[in-house]
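Chemist: need a structure here:
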Amino acid sequence: VQLVESGGGMVQPGGSLRLSCAASGFTFSRHDMSWVRQAPGKGPEWVSAINTGGDRTWYPPSVKGRFTISRDNAKRLLYLQMNSLKPDDTALYYCVRSDPLTYYSDYADFRRYDAWGQGTQVTVSS
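Modeler: Numbering: from 1, shown residues only. Model prediction:
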């Protein structure tokens with residue numbers, strides 16, 4: 001199982017970035033996928049989730065309306081489009097895979113995730 005994120009970088013407040021995650025080593029289309037971020041000195045924060053078919057998405061209030069998660073099952077890619085970025089969005093962003101047999105239904109419960117990428121850094125600063 002491998003999840004490789006890319007697309008991070010430094011951007012000014014109000015700017016946009018698009019993160020990508022390339023999946024390999026498993027049947028990508030059988031897993032719900034999420035993005036999780038972790039800012040320096042803070043715990044991880046779930047920021048988006050998408051179902052296997054890509055037709056249902058979920059977001060916490062902190063990013064709803066600004067972030068959009070999507071997936072291309074044919075290309076085995078997961079995306080996160082981030083608009084109207086704020087300094088508080090500065091963090092290491094991880095692509096994570098849900099265990100399809102997970103007991104934990106809440107996407108903010110990290111016990112449901114069984115694979116993590118190495119992360120891509122997003123820095124929002126003027």
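Chemist: tell me the contacts of the spatially most central residue of the chain?
Modeler: By C-alpha atoms, centre = their mean, the mean C-alpha position of the chain lies nearest to residue 35, the distance being 1.7 Å. By C-beta atoms under 8 Å, 6 or more residues apart in numbering, the contact list for residue 35 reads 19, 21, 46-49, 67, 69, 78, 80, 93-96. C-beta: built from backbone N, CA, C; applies to glycine.
Chemist: got the contact list for the closest residue in space to residue 25 that isn't next to it in sequence?
Modeler: Excluding its sequence neighbours, the residue lying closest to residue 25 (C-beta to C-beta, 6 or more residues apart in numbering) is residue 1, at 4.5 Å. Residues counted as contacts of residue 1 (C-beta under 8 Å, 6+ apart) are 24, 25, 26, 97, 115.
Chemist: Next, count neighbours for the fourth one.
Modeler: I take that to be residue 97. Counted with other C-beta atoms under 10 Å, residues neighbouring residue 97 total 23.
Chemist: Can you tell me how far it is from residue 21?
Modeler: 10 Å (C-beta to C-beta, to the nearest Å).
Chemist: Quickly list what's touching both of these two.
Modeler: Common neighbours of residue 97 and residue 21, counting by C-beta under 8 Å, 6+ apart, are 3, 33.
Chemist: Can you list the residue ranges for helices in this structure?
Modeler: The residue ranges that make up helices in the chain, judged by DSSP state H, are empty, as it has none.
Chemist: Low-confidence ranges, it, go.
Modeler: Along the chain, the model assigns pLDDT under 70 to no residue.
Chemist: let's see it at 90
Modeler: Applying pLDDT under 90 to the predicted model, the residue ranges of the chain that meet it are 100-105.
Chemist: ranges for the strands of it?
Modeler: Per DSSP state E, the chain carries strands over the ranges 2-6, 9-11, 17-24, 33-38, 44-50, 57-58, 67-72, 77-82, 91-98, 113-116, 120-124.
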